[in-house]
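**Q** using only what follows, build the 3D model:
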Amino acid sequence: MGKGIGRQIQFGIAKEASRGTAEAAATFWIPWISLALDEKIELAEHNQAYGVLEATSGASIVKKWAEGSVSAPIGDKHFPLLLLSLLGALATTDNADADASVKDHTITVGQSAQHQSLTMFLDDPLAAADYKHPLGVVEEINIKYEVGKMLEYEAKIRSKTGTLVVAVFTPASTTENNFLSQHASFKLASNLAGLDAASALTVRSMNLKIAQAIQEDGALGDVSPVDYTNGPVTIEGEIEAVWESESAYKAAVLAGTAKAMRMDLINSDVTIGTAAKPQIRVDLAKVIFSEITKAHNLDDIVMQTLAFKGHYSSSDAKMVSIVVTNDQASY
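**A** From the prediction side, this is the model:
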C-alpha cells in the first residue's frame, strides 16, 4: 500500500492456551491512542585482535525480541485481559443482576512466576504485512484518572519477535464500554471492610502504576527468549487534590498511617443485563503515603500532590483486588 497514517494500523490480543504458542486470531482488537511494538536485536561484537588499530571486525545477532507500549481508553472488555497478564489470577462469577450474562471478573496477584501470556497481533496495511507476536507479557500498566477526559491507560509490553502470517487479518474493533472522569470516584478507609461505607473524596486527578518485574529466560541454541517470568508486583501512584486542611491528607502522611484505597469506575450512562452498570473497581488493601507537596502559585488555587505506595496486607491476605463487571462470559 505504501504511505499512510498511524490510525490505519490495528493491534489485537488473545489469551494463549499454550504458553508461547501463537493463537489463530485476536479476541480483542484495541482502539488504541498510541502504539509501539518494535523488533529488537542484541549484537555481540567481534573484537578480537588482527594486528591493526581498528577496534572491531564485525557483529553477530545473539538475541531477538519485541517490546513497546500501547495506550488506549479503558474498555470494560479488553482491559481485564491485560490485567490478567499483569497480575496473574482471574476468577469469574455471576453478578447479582437478574441477567445471567452479566459477570464479575476478579483479578488478583497470582502466586506464580508465569503470569498469563498473550499473543499480540499487528495488522499493518501500509506494509501489506500482518504479524503474530507469541509469548506476549504485560510488564506495567499506568492508569490515568483526569478531570474532563476519557480515562486511559498505558501498558508496557514484551513478546517474541513477530511471525509474518500469510492470511491477512480482518480486524473488527471491539465494541465495549469506556469511562469518563464523571464515572470515577475515590475513597479511603481504615481497612478494606470500611470502603463500602466510606464517603467519596474530592480529588482533581490520580495516577496509578501497577508493575511486575519481568525477567527474560534465555537458553543456549536460541536467539529468542524461551520464556518471560515475573518477579515481585509493585503498586504506586499519586493523587492531586485541592489543599483545604491539615487533616484532609497531611496528618495521615506525616503519621505514616496505613489506609485502604478504592478507585471506582461506574459507567452510569450504560445498562448491561437488566440493571447492571459497567464497572472497574480497584481496591488496594494497604497504602502508605510517602510524600506530600503543595504548589503555591500567586493566582491559582493551592493544590497538594500526594505520593503513595501499595503494600501486601497480611490481615487481608492480599495487596490488590480489581473487580470488572461486564457481559463478557469468560477470559
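
**Q** the residue lying closest to residue 188 once chain neighbours are set aside: helix or strand, and which one exactly?
**A** With Cβ to Cβ, 6 or more residues apart in numbering as the criterion, residue 188 has its nearest non-adjacent residue at 4.8 Å, and that residue is residue 259. Using the backbone N, CA and C atoms, a C-beta is placed for each residue, glycine as well. Using DSSP states H and E, residue 259 falls within strand 258-266.

**Q** just checking, what packs against that strand?
**A** In terms of contacts (3 or more Cβ pairs under 8 Å, 6 or more residues apart in numbering; DSSP states H and E), strand 258-266 is packed against strand 184-189, strand 279-295, strand 303-311.

**Q** now what about the shortest one, what contacts it?
**A** For strand 184-189, the surrounding residues in contact (Cβ atoms under 8 Å, 6 or more residues apart in numbering) are 145, 151, 195, 197-201, 203, 206, 239, 259-266.

**Q** apply 6 Å and report the result again.
**A** 145, 195, 198, 200-201, 203, 259-265 (Cβ atoms under 6 Å, 6 or more residues apart in numbering).

**Q** could you point out the helix or strand that follows it?
**A** Per DSSP H and E, the first helix or strand lying C-terminal to strand 184-189 is strand 205-217.

**Q** by how many degrees do the helix or strand following that following strand and strand 184-189 diverge?
**A** Once the chain leaves strand 205-217, the next helix or strand it forms, by DSSP H and E, is strand 227-242. Per axes from the mean of the first three to the mean of the last three Cα atoms, to 10 degrees, the angle that strand 227-242 makes with strand 184-189 is 90 degrees.

**Q** what angle do strand 279-295 and the longest helix seen in the chain make with each other?
**A** Ranked by residue count and defined by DSSP state H, the top helix of the chain is helix 79-87. Taking the same axes, to 10 degrees, one finds that helix 79-87 is oriented at 70 degrees with respect to strand 279-295.

**Q** what does the strand holding residue 259 rub up against?
**A** Applying Cβ under 6 Å, 6+ apart, the set of residues contacting strand 258-266 is 179, 183-189, 191-192, 195, 277, 279-288.

**Q** also stretch 70-84?
**A** Under Cβ under 6 Å, 6+ apart, the answer for stretch 70-84 is 28, 30, 32-35, 90, 105, 107, 116, 138, 150-155, 174, 176-179, 278, 322, 324, 326, 328, 331.

**Q** can you get me the start-to-end distance on that stretch?
**A** 16 Å (Cα to Cα, to the nearest Å).

**Q** tell me the gap between that stretch and the middle of its chain.
**A** 7 Å (Cα atoms, centre = their mean, to the nearest Å).

**Q** again, but for stretch 308-319
**A** What separates the centre of stretch 308-319 from the centre of its chain is 19 Å, taken as Cα atoms, centre = their mean.

**Q** any idea which residue sits dead centre in the chain?
**A** Compute the mean C-alpha point of the chain, and by Cα atoms, centre = their mean the closest residue is residue 141, 2.9 Å away.

**Q** done for today, thanks.
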